[in-house]
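Undergrad: here are the coordinates; sequence isn't available:
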């Protein structure tokens, strides 16, 4: 069983994970609307991955005997000034997620909640990969420019190199 303080913090993370999903769904829709189908597919895969992350927190709360509280979710932006702006917003968002997860693990450590610390380690490790992937895409877009043939090539590359769902599906579906 986890403390009410930890449960509240994890419930807030559930809402943040659902916001992340919403954020990427918005980027997918925007990419699709401007003809960047590869980016749209990549952001759609990110949307699905974030839903799985939210469900991992949801299931953990239930497994720990805590109450799941579904909090309000903020509306994400719906338009962006091109592919570079979307990926720069993605990197800033992922860095914020990393900060939130670091705060959660610090809280778990201060409460001597070893189970929650162990649970959060997977997410911390995942963030390293997330930030590295987005940084690589930003570098490629900057290299070729935010338009033209080069962007078309990166769009195709990103569409073929979708985020891996295999590592994100571990323990994501509630068994209730």
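TA: Yep, it's here. A quick note: this is a predicted structure, and the numbers were derived from the prediction, not measured.

Undergrad: Output the contacting helices and strands for the helix or strand harbouring residue 133.
TA: In the assignment (DSSP states H and E), residue 133 maps to helix 114-144. Applying 3 or more CB pairs under 8 Å, 6 or more residues apart in numbering; DSSP states H and E, we find helix 114-144 packed against helix 37-63, helix 83-110, helix 148-160. Yep, even glycine has a C-beta here, placed from its N, CA and C like the rest.

Undergrad: Mean neighbour count, these: which tops it?
TA: helix 37-63 (a mean of 20; mean count of other CB atoms under 10 Å).

Undergrad: what inclination does that helix have with respect to helix 148-160?
TA: 30 degrees (axes from the mean of the first three to the mean of the last three CA atoms, to 10 degrees).

Undergrad: Packing partners of helix 37-63?
TA: helix 4-33, helix 83-110, helix 114-144, helix 148-160.

Undergrad: and stretch 143-151, what's its mean pLDDT?
TA: Mean per-residue pLDDT for stretch 143-151: 86.

Undergrad: Over to stretch 160-168?
TA: pLDDT averaged over stretch 160-168 gives 57.

Undergrad: now stretch 120-133
TA: 96.

Undergrad: check contacts around residue 29.
TA: 40, 78 (CB atoms under 8 Å, 6 or more residues apart in numbering).

Undergrad: what about it, distance to residue 50?
TA: 15 Å (CB to CB, to the nearest Å).

Undergrad: Dihedrals phi and psi, residue 111?
TA: Torsion angles at residue 111 (phi, psi; degrees, to the nearest 10) stand at phi -90, psi 0.

Undergrad: gap between it and residue 98?
TA: Counting by CB to CB, the gap from residue 111 to residue 98 is 21 Å.

Undergrad: which regions of this structure sit below the pLDDT cut-off?
TA: Counting by pLDDT under 70, the chain has low-confidence residues at 163-176.

Undergrad: residue contacts, the closest residue to residue 145 other than its chain neighbours?
TA: If the residues on either side of it in the chain are set aside, residue 145 comes closest to residue 151, at 6.7 Å by CB to CB, 6 or more residues apart in numbering. By CB under 8 Å, 6+ apart, residue 151 lies in contact with 36, 83, 141, 144, 145.

Undergrad: Buried subset of those as a PyMOL selection?
TA: Buried members of those, defined by 16 or more other CB atoms under 10 Å, are picked up in PyMOL with:
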select buried, resi 36+83+141
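
Undergrad: Specify the local secondary structure of residue 35.
TA: Secondary structure, DSSP: H, G, I helix; E, B strand; the rest coil: residue 35 is coil.

Undergrad: Please give the number of neighbouring residues around it.
TA: Here the count is done by other CB atoms under 10 Å, and residue 35 has 10 residues near it.
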